[in-house]
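Enquirer: Got a predicted structure plus its sequence, pasted below:
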Amino acid sequence: MHIFKLSKSRLLRVAGCAVFVLSTFSAFAQEAAAPAQVNHGIQVQNLDRSVKPGDDFYEFANGDWLKRTEIPPDRGSIGVFTALGDLANKRTVALIEELAKSNAAAGSNQRKIADLYNSYMNEEAIEKNGLAPLRPHLKAIADIKDKKQLARALGETLRADVDPLNNTNFHTPNLFGFWLGPGFSDSEHYTAYLLQGGIVLPNREYYLSESPRMSDLRSKYQAHIAAMLKLAGFSNPEARASGILELETAIAKAHLPADQNDDVIKANNTWKPSDFTAKAPGLDWPEFFGAAGLAKQAQFTVWQPTAFAGEAALVASQPLETWKDWLAFHLLEQYGGILPKAFADERFNFVGKALGGTPQQRPRWQRGVGIVNVWLGEAVGQIYAQRYFSPKAKAEAQEMVANIIEAFRKRVDALDWMDPKTKAEAKAKLDTLYVGVGYPEKWKDYTAYQVKPDDIFGNLWRGSLFEYRQDLARLGTKVDKHEWSMTPQTVNAVNLPLQNALNFPAAILQPPFFDAEAPSATNYGAIGTIIGHEISHSFDSAGALFDSKSRLRNWWTDEDKKHFEESTTRLVAQYNTYKAFPDLPINGRLTLAENVADVAGVAAAYDGWKASLKGKPAPVQHGFTGDQQFFIAYAQNWGSKPREAALRQQVLTDPHSPGQFRSYEVRNIDEWYAAFDVKPGDKLYLAPEHRVRVW
Ligand SMILES: [Zn+2]
């Protein structure tokens with residue numbers, strides 16, 4: 001669980017977007033018009049003082065910024081996260097360009113970074129190569145003669161492209177997705193997780209919703225499929241496109257809805273290889289697993305069993321030719337962004353414009369940086385962290401983390417409803433928590449990843465195979481609890497529930513989130529609440545199901561569990577009342593885990609800040625008290641301006657609530673009422689008994 005939504009699929013990220021994307025298809029992140037750092041502490045120039053804090057705290061904290069900010073034409077959204085993402089991007093490209101000039105030794109990470117970046121930047125070579133790099137793959141698809149060979153081809157597409165727990169990434173256009181993770185019951189060893197897949201659009205709603213916007217998107221999608229097939233020289237592209245859309249719609253019907261995906265109890269299904277044939281007939285599973293390199297794997301965790309049954313049945317019932325078209329289109333679509341301009345433009349017209357509402361493609365160099373960050377992320381990160389993350393910043397961030405963990409521990413102790421036994425279990429979880437700050441202690445080894453000059457398709461193809469094979473080789477081996485799941489140059493943070501670990505990358509530990517020159521009130525309000533958020537994920541609606549050894553085990557008394565669930569039910573109801581658009585409410589169930597983390601995270605950060613003052617008064621700055629600065633800094637984390645299409649997509653697919661509603665979390669904190677004199681009658685006012693306190 002992370003603080004902010006990253007893109008979904010590695011390949012899609014490569015093709016359409018790059019780093020710092022809100023969701024699968026929204027392309028943004030660029031030279032920022034976002035809040036400039038003009039002073040240390042809260043950004044007073046962003047406030048709209050004409051708004052009463054108790055009526056709309058988001059507008060009060062961000063209103064003037066929202067008024068003067070325009071979304072650049074090549075983005076779906078803009079905000080603090082994207083502004084910092086731009087900075088990380090600029091630093092990264094400068095670093096890559098240096099490496100490109102340095103003529104590093106063949107086979108070194110430096111050389112791989114330069115070659116990968118340049119292979120994407122060399123548009124001339126891409127035009128010249130045309131579809132040639134894909135031809136052998138397209139021919140292999142065309143040569144499929146029967147369903148057995150189809151099963152083999154489907155198995156060959158399996159990649160490590162989903163991550164249900166750390167990065168809440170449930171989307172893969174391949175038939176199924178693979179994740180290497182610690183086992184639910186044996187968290188000491190890595191096991192194989194399999195997830196539903198097979199659709200290109202973000203989730204099943206896009207295929208099944210009857211709203212005019214969705215049906216319009218589907219027509220555009222069908223036209224896009226036809227256009228891609230036509231460009232690749234397929235006969236009857238329209239008829240094929242209609243068959244592909246029908247097939248994906250049938251797959252979508254078999255899928256579990258987005259708001260049930262984070263239910264780990266439902267996801268905890270251990271299947272032996274023979275169970276697949278019995279419980280999900282229709283696909284030749286031995287053939288599939290053989291091709292996927294999983295013939296010897298003795299057991300799998302199947303995240304959505306009903307989807308596996310449904311999808312396997314479709315392999316049997318739907319015509320071979322339709323499946324072959326589906327395979328060919330998915331290949332073109334996944335690599336569309338690195339194909340000649342005609343393909344890349346067609347793909348952007350649908351993915352960027354129609355789906356993401358973004359009028360213009362980002363500059364090529366930024367997309368190139370995105371690609372390098374995906375496939376050689378830690379190779380870049382190692383240099384990045386050395387250059388941009390000082391030992392002093394690391395020490396200060398570690399101290400904040402320690403203070404907030406201690407505050408969380410005290411909050412657990414103070415809960416009057418919780419049994420001492422449950423409290424002891426919760427505190428044991430805090431004791432075993434590993435907190436990574438800045439960068440990993442051990443770096444990934446890229447020796448086996450072969451990068452060639454002027455071969456962007458091959459570089460990405462080999463990159464995804466490299467990642468997948470590395471994961472296969474680790475099945476059954478001992479879990480490294482210190483392993484990171486984010487690169488240092490990522491503006492984000494993450495909780496890894498099966499490792500009981502947190503990662504705070506170097507790139508988020510900088511202004512405006514973290515500023516050594518700023519008052520502690522704003523540092524705790526900004527990065528502190530993010531730290532608190534990630535700690536709280538260990539105790540959110542899903543995290544609370546894992547124990548101090550990261551096993552899926554119920555450590556709650558029935559009574560305590562009931563109390564906890566009552567609080568979370570009330571939080572679902574609170575978020576269900578918010579509306580992104582008159583016809584589109586927030587899904588309180590989909591966003592529950594993130595909202596719990598926000599509620600508990602702000603409370604723990606506030607306590608941690610107070611304790612750090614050691615009884616001294618907090619300095620007033622810009623006329624605001626320490627408490628006021630703390631809450632304003634929190635709300636300014638979430639200042640963001642999305643396009644309508646991007647926001648709609650976020651509400652439907654993203655487990656994070658939109659920024660505006662994340663800032664309203666303060667309604668649940670008593671100290672916020674005192675700080676801004678919020679009274680009954682103010683629009684955000686909640687009577688004390690309606691404020692939700694989870695931890
Ligand atoms: Zn989160």
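Expert: It's in. Numbers count the residues shown, from 1 in each chain.
Enquirer: Under the pLDDT cut-off, which ranges of this protein? List them.
Expert: In the predicted model of the chain, residues 1, 3-38 satisfy pLDDT under 70.
Enquirer: ranges for the helices of the stretch 1-150 of the chain?
Expert: With DSSP state H, counting those that start in this stretch, the ranges of helices along the stretch 1-150 of the chain come out as 10-15, 57-68, 80-102, 109-121, 123-129, 135-142, 147-156.
Enquirer: between those helices, which one is nearest to the ion?
Expert: Taking CB to the ion as the criterion, helix 80-102 is the member of these that comes nearest to the ion, at 12.8 Å. (Each C-beta comes from the backbone N, C-alpha and C, glycine too.)
Enquirer: what about that closest one and the ion, any contact?
Expert: No. Contact between helix 80-102 and the ion, assessed by CB under 5 Å from the ion, is absent, since the two come no nearer than 12.8 Å.
Enquirer: winner for burial among the helices of the stretch 1-150 of the chain?
Expert: With neighbours defined as mean count of other CB atoms under 10 Å, the helices of the stretch 1-150 of the chain peak in mean count at helix 10-15, which reaches a mean of 25.
Enquirer: tell me the phi and psi of the residue of the stretch 201-350 of the chain found nearest the ion?
Expert: Sorted by distance to the ion under CB to the ion, the residues of the stretch 201-350 of the chain start with D262, at 11.1 Å. Main-chain dihedrals, D262, degrees, to the nearest 10: phi -90, psi 10.
Enquirer: so what's the residue lying closest to it once chain neighbours are set aside up against?
Expert: Of all residues beyond its chain neighbours, the one nearest D262 is A542 (5.3 Å), with distances taken as CB to CB, 6 or more residues apart in numbering. Shown here is A542, whose contacts under the criterion CB atoms under 8 Å, 6 or more residues apart in numbering are 1, 165, 262-264, 497, 593.
Enquirer: burial count for the residue of the stretch 201-350 of the chain closest to the ion?
Expert: D262 sits with 23 neighbouring residues when counted by other CB atoms under 10 Å.
Enquirer: P655 is in contact with that one, correct?
Expert: Yes. Using CB atoms under 8 Å, D262 and P655 qualify as a contacting pair, with a distance of 6.6 Å.
Enquirer: Tell me which residues touch the closest residue to N268 other than its chain neighbours, please.
Expert: The shortest distance from N268 to any residue other than its chain neighbours is 5.0 Å, reached at F184 (CB to CB, 6+ apart). Applying CB under 8 Å, 6+ apart, we find F184 in contact with 264, 268, 301, 498, 551-552.
Enquirer: cool, L652 as well?
Expert: Taking CB under 8 Å, 6+ apart as the definition of contact, the neighbours of L652 are 202-203, 205-206, 258, 587.
Enquirer: Using the three-state scheme, assign the residue nearest to N268.
Expert: coil (DSSP: H, G, I helix; E, B strand; the rest coil).
Enquirer: hang on, the earlier thing: among the contacts of L652, which are in strands?
Expert: Members of these lying in strands (criterion: DSSP state E): none.
Enquirer: Taking those residues, tell me the two that lie furthest apart.
Expert: Between all members of these, the longest pairwise span (CB to CB) is found for Y206 and N587 and amounts to 14.9 Å.
Enquirer: how close does the residue in the stretch 101-250 of the chain that the ion sits nearest to sit to H255?
Expert: Nearest residue of the stretch 101-250 of the chain to the ion (CB to the ion) works out as T168 at 8.1 Å. Taken as CB to CB, to the nearest Å, the spacing of T168 relative to H255 amounts to 16 Å.
Enquirer: Give me the distance between the two termini of stretch 48-60.
Expert: Criterion CA to CA, to the nearest Å; first-to-last residue distance in stretch 48-60 is 5 Å.
Enquirer: try stretch 347-356
Expert: Using CA to CA, the span of stretch 347-356 from its first residue to its last is 12 Å.
Enquirer: buried residues in it?
Expert: Taking 16 or more other CB atoms under 10 Å as the basis for neighbour counts, the residues of stretch 347-356 that come out buried are 347-356.
Enquirer: Tell me the one of the residues you listed nearest A402?
Expert: G356 (40.2 Å).
Enquirer: next one: phi and psi at that closest one?
Expert: G356 adopts backbone torsions of phi -100, psi -10, taken as degrees, to the nearest 10.
Enquirer: of all the helices of the stretch 1-150 of the chain, which lies closest to D419?
Expert: Set against D419 and scored by CB to CB, the helices of the stretch 1-150 of the chain come closest in helix 57-68, at 35.3 Å.
Enquirer: Show me the contact partners of that closest one.
Expert: 35, 43, 45-53, 631-632, 635-636, 638-639, 641, 659-660, 663-664, 666, 672, 676, 684.
Enquirer: Just the buried ones from the contacts of L652?
Expert: Neighbour counting over those (16+ other CB under 10 Å) leaves 202-203, 205-206, 258, 587 as the buried ones.
Enquirer: Just the ones of these in helices?
Expert: Members of the buried ones among the contacts of L652 lying in helices (criterion: DSSP state H): 205-206.
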